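Novice: Please find the sequence and the predicted model below.
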Amino acid sequence: MAAVFAVLLATSTAAVLAQETISVECVKRTPAAAAPPRPLVPLRSIAGSKERIKEKDADKPAKLVCADDEVPTLGNVRPESTAPPPGLMKGNPLLRPQSTVQPQSEGLSAKYFRFEDVYQKKRSSRSAAKPPPAPPAACSGACYYYASSGARRSADGAGMAITVHRPGYTNNAGAGHTLVELSVQGGPSDGHIAEVGWIVSTDMHHDADPHIFVFHWINWNGTCYNGCGWQQVSNKYYPGQNISSLIGKEVYIGYVFYNGNWWAWFDDQWIGYFPGSLWQNSFTKSTLMQWFGEVATTNGAPKNIQMGDGLLPPPPTAARITTLCDVDAKSWICAIRDQQVLAPPTAPAFYDIARVGFGSARYGGPGQ
């Protein structure tokens, strides 16, 4: 039987958050669902392993944004923050290219691929496996580019550690974004989805800094960023928040289904949740999880848009995602199993992903 080793991940951050370039209003905390009682501890499941993830040194925590009885809410955010330009919102590695939607065939929806179509086989680095249809050179709507890993498993959520970066982003050739995220998916055809990560987009914010985001889908129908039912609980971190002061720092993010709701974790606390009622209480398990980088552009090619820290993997200078894990709520652990599969990248000359260790990968790239 494989031994299980407890691995504590960092729960403190060295920086005080930078002053926002958008206004934040503190409002009285309204009655909300009770938060999970404690953080999820990532566990490593591997026979004979002596490897540990070192605890980071405790340091001065980020300051609270609001008082104890208040929560932050965004003020004068540009409209693109909640309603991106037509044809450009949020992608997923399983979505078909928007301008080449095909009729149903072989049981597949016209909107998405099966997991097995995208994640064709386990690969340790760059692969010559034939990728799914790539985004076209010119787009009538939006083009999406991915460096993704995923796993098919029934769980109560998922987690990962990510480093915060400021990838280069220029929108002079059309709107877009660059991000890294975790998605937990379930329901019919994996179309019920909750996401959390950080994003860079001057089309959504007043700057080119990384910002926390959350998003969710209902039956493969995208909703909006940082709202559409989101319930804010933390008075320290919130969706839309500028986290440029965390650049170079590693944070732990994740979701767990707890008491009927999908709770999101960021760095050292539960920040809020999507109520299970948004999915009519039919999304209670994640049957698929994905950890990935994403670039979106309306320009047809990712000009002047980097992913991660702008470097192609696998060298150790490329951006890293670690402790890719799935949640067992009964045991209250997030198990790192190293069963993630890497998808062939949609544009390997621009962006890629490579396995670099147990439950870990490096991703990113310079764009065109």
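Specialist: Perfect, thanks for sending it. Numbers count the residues shown, from 1 in each chain.

Novice: going forward, measure contacts and count neighbours with C-alpha atoms only.
Specialist: OK.

Novice: So Ser189 belongs to a helix, correct?
Specialist: Yes - assessed by DSSP: H, G, I helix; E, B strand; the rest coil, Ser189 belongs to a helix.

Novice: Could you give the number of residues near it?
Specialist: Under the neighbour criterion other Cα atoms under 10 Å, Ser189 is assigned a count of 17.

Novice: list the contacts for the closest residue in space to Gly248 that isn't next to it in sequence?
Specialist: Take Gly248 and drop its neighbours on the chain: the residue closest to it by Cα to Cα, 6 or more residues apart in numbering is Val164, 5.5 Å away. Val164 is in contact with 198, 210, 244, 246-251, counting by Cα atoms under 8 Å, 6 or more residues apart in numbering.

Novice: what do you get if the cut-off is 6 Å, keeping everything else the same?
Specialist: Residues in contact with Val164 (Cα atoms under 6 Å, 6 or more residues apart in numbering) are 247-249.

Novice: Report the separation between the closest residue to Thr298 other than its chain neighbours and Ile253.
Specialist: Excluding its sequence neighbours, the residue lying closest to Thr298 (Cα to Cα, 6+ apart) is Ala142, at 4.6 Å. Separation of Ala142 from Ile253 (Cα to Cα, to the nearest Å): 27 Å.

Novice: do Ala343 as well
Specialist: 22 Å.

Novice: more neighbours, these two?
Specialist: Ala343 (31 against 23).

Novice: so how many other residues sit close to the residue lying closest to that one once chain neighbours are set aside?
Specialist: Leaving out its chain neighbours, the residue that sits closest to Ala343 by Cα to Cα, 6+ apart is Tyr119, at 4.7 Å. Here the count is done by other Cα under 10 Å, and Tyr119 has 25 residues near it.

Novice: returning to that earlier point: kindly state the beta-bridge partners for the residue nearest to Gly248.
Specialist: In this entry, Val164 is beta-bridged to Ile247, by DSSP bridges.

Novice: per-residue confidence at it?
Specialist: Looking at Val164, its pLDDT reads 97.

Novice: coming back round to it: could you report the neighbour count for the residue nearest to Thr298?
Specialist: 26.

Novice: and Glu116, what helix or strand is that in?
Specialist: Glu116 is part of helix 115-118, with elements assigned from DSSP states H and E.

Novice: quick one: contacts of the helix or strand following that helix?
Specialist: Later in the chain than helix 115-118, the nearest helix or strand by DSSP H and E is strand 143-155. Here strand 143-155 makes contact (Cα under 6 Å, 6+ apart) with 135, 285-297, 300, 327, 340-343, 345-346, 352-353.

Novice: Give me the below-cutoff pLDDT ranges for the stretch 101-250 of the chain.
Specialist: 101-110, 121-141, 172-173 (pLDDT under 70).

Novice: rerun that using 50 as the cut-off
Specialist: 101-108, 124-130, 133, 135-136 (pLDDT under 50).

Novice: Setting the sequence-adjacent residues aside, check what's closest to Gln368.
Specialist: Lys303 (5.0 Å).

Novice: Check the burial of that neighbour by counting its neighbours.
Specialist: Using other Cα under 10 Å, Lys303 is surrounded by 18 other residues.

Novice: pretty sure it contacts Gly365?
Specialist: No - in this structure Lys303 lies outside contact range of Gly365 using Cα atoms under 6 Å: 11.7 Å.

Novice: quick one on the thing from earlier: can I have the helix holding Glu116 written out in PDB, keeping just the CAs?
Specialist: Backbone C-alpha positions of helix 115-118 (Å, rounded to 0.1, in the frame of the first residue of the first chain) are rendered in PDB as follows:
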ATOM      1  CA  PHE A 115     -11.700  14.700 -22.100                       C
ATOM      2  CA  GLU A 116     -10.200  11.800 -24.000                       C
ATOM      3  CA  ASP A 117     -10.000  13.800 -27.200                       C
ATOM      4  CA  VAL A 118      -7.900  16.500 -25.700                       C
END
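
Novice: For it, what is the distance to the chain centroid?
Specialist: From the chain centre to the centre of helix 115-118 is a distance of 19 Å (Cα atoms, centre = their mean, to the nearest Å).

Novice: Contacts only, for Pro39.
Specialist: By Cα under 6 Å, 6+ apart, Pro39 has no neighbours at all.

Novice: Could you tell me how far the nearest residue to Gln306 once chain neighbours are set aside is located from Met307?
Specialist: Of all residues not flanking Gln306 in the chain, Pro366 sits nearest, at 4.6 Å (Cα to Cα, 6+ apart). Between Pro366 and Met307 the computed distance is 7 Å (Cα to Cα).

Novice: So between those two, which is more surrounded?
Specialist: Met307 (34 against 21).

Novice: What strand or helix carries the residue nearest to that one when sequence neighbours are not counted?
Specialist: Residue nearest to Met307 in three dimensions, not counting chain neighbours: Gly364, with 4.5 Å by Cα to Cα, 6+ apart. For Gly364, the host element (DSSP H and E) is strand 360-364.
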